[in-house]
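Asker: give me coordinates for this.
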Amino acid sequence: MKTNYLIVGTGGVGGSIAGFLALAGHHVTCIARGEHLKQIREKGLHLKSDIKGDHYLKVDAYTTEEYNGKADVIFVCVKGYSIDFISEVLVKAAKPDTLVIPLLNVYGTGPRIQRLVPNITVLDGCIYIVGFVSAPGEITQMGHVLRVVFGARPHQNIDNERLQDIGQCLKAASIDTIVSDDINRDTFIKWSFISAMACTGAYFDCTMAAIQRAGKERDMFTGLISESKLIGEKMGIPLSNNIISKGLEIIDRLDPQSTASLQKDIAKGHESEIQGQLFDMIDLGRQVGATIPTYDIVEQKFLSFRK
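Answerer: Numbering: from 1, shown residues only. All right, here's what the predicted structure looks like:
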């Protein structure tokens, strides 16, 4: 029996996941709005991918209010500041055995969503990708990094075989996938990476090319990820010593002309995830007594954004 996938938030992350799954023959439904939704309905989801090429893909697409279907797996791909508004569609879409997998750029989203929908099984997860809405109905996925990490949270009694089956479906769709044995650790690692990458890009208003070569931009990225590692260790999260080198490896594989979504949103004057990617990390660092001089420098530039 085919798995029904629902994508809540068809932006750069959700649109890429939807496109890759649709190309692999899976039934995918997307939640979107406005002109973006109109174009997906009229022309199909336009995926422009460095990994998969250029495709127009037929997917079902609805607003939150219109959708009345049921899903086996729900990927939550909204921005962190939109989490509080998704409970209605999750309740409508969920069956008793539905699994919800958050793929956001902020930390702690699994537990946060679970509190909103206590009767639905919410796992946790994260994604490594450069993807964005390049035009209404059009998703651009840049570079050759597309990795999903997901898993059950502590004390969740989830059949591992089912998690592995979902992982295999994603892998078969050309999505590098890891079923985590410690999702709290792995989502923190992703948070530390995206925070360092996005804050460096936003601070210097630079592309990945600047962070990929020796200089002040790469030094800032390294400083930020070193400080988040210290925060994680003070929280009792078991982090390996190679978290910095692994982060640099991912940076070096990204498209040199790409930028982080936080940086794009700030440049356009849009609402951004700066609270979750910068200030939440700083607040946590101070709470656990970590010394974070590089984060202190970045904070000074963006103090006017603090809520």
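Asker: could you list the low-pLDDT ranges of the stretch 151-300 of the chain?
Answerer: Within the stretch 151-300 of the chain, the set of residues satisfying pLDDT under 70 is empty.
Asker: recalculate using a threshold of 90.
Answerer: 154-155, 157, 238, 240-241, 261, 271 (pLDDT under 90).
Asker: those helices in it, which residues are they?
Answerer: 160-172, 183-204, 208-212, 216-234, 243-253, 261-268, 274, 280-288, 293-301 (DSSP state H, counting those that start in this stretch).
Asker: in JSON lines, list the ones you listed along with mean neighbour count and distance to T29.
Answerer: (Glycine included, C-beta is placed from N, CA and C.) Formatted as JSON lines, those follow (neighbours: other C-beta atoms under 10 Å; distance: least, C-beta to C-beta, whole Å):
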{"stretch": "helix 160-172", "mean neighbour count": "15", "distance to T29": "16"}
{"stretch": "helix 183-204", "mean neighbour count": "24", "distance to T29": "25"}
{"stretch": "helix 208-212", "mean neighbour count": "19", "distance to T29": "32"}
{"stretch": "helix 216-234", "mean neighbour count": "20", "distance to T29": "35"}
{"stretch": "helix 243-253", "mean neighbour count": "16", "distance to T29": "30"}
{"stretch": "helix 261-268", "mean neighbour count": "18", "distance to T29": "23"}
{"stretch": "helix 274", "mean neighbour count": "23", "distance to T29": "31"}
{"stretch": "helix 280-288", "mean neighbour count": "17", "distance to T29": "31"}
{"stretch": "helix 293-301", "mean neighbour count": "16", "distance to T29": "39"}
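Asker: kindly reformat the ones you listed as a markdown table containing distance to N119.
Answerer: Output for the helices of the stretch 151-300 of the chain, formatted as a markdown table (distance: least, C-beta to C-beta, whole Å):
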| stretch | distance to N119 |
| --- | --- |
| helix 160-172 | 19 |
| helix 183-204 | 21 |
| helix 208-212 | 42 |
| helix 216-234 | 31 |
| helix 243-253 | 36 |
| helix 261-268 | 31 |
| helix 274 | 33 |
| helix 280-288 | 27 |
| helix 293-301 | 38 |
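Asker: indicate which one of those helices is closest to G12.
Answerer: helix 261-268 (6.5 Å; C-beta to C-beta).
Asker: and the helices in the stretch 1-150 of the chain?
Answerer: So, for the stretch 1-150 of the chain - with DSSP H, counting those that start in this stretch - the helices run 12-23, 34-43, 87-93, 109-116.
Asker: which of those helices sits most buried?
Answerer: helix 12-23 (a mean of 26; mean count of other C-beta atoms under 10 Å).
Asker: let's see the pLDDT reported for the residue minimising distance to the centre of the chain.
Answerer: Centroid-nearest residue in the chain, with C-alpha atoms, centre = their mean: L104, separated by 3.3 Å. pLDDT, L104: 94.
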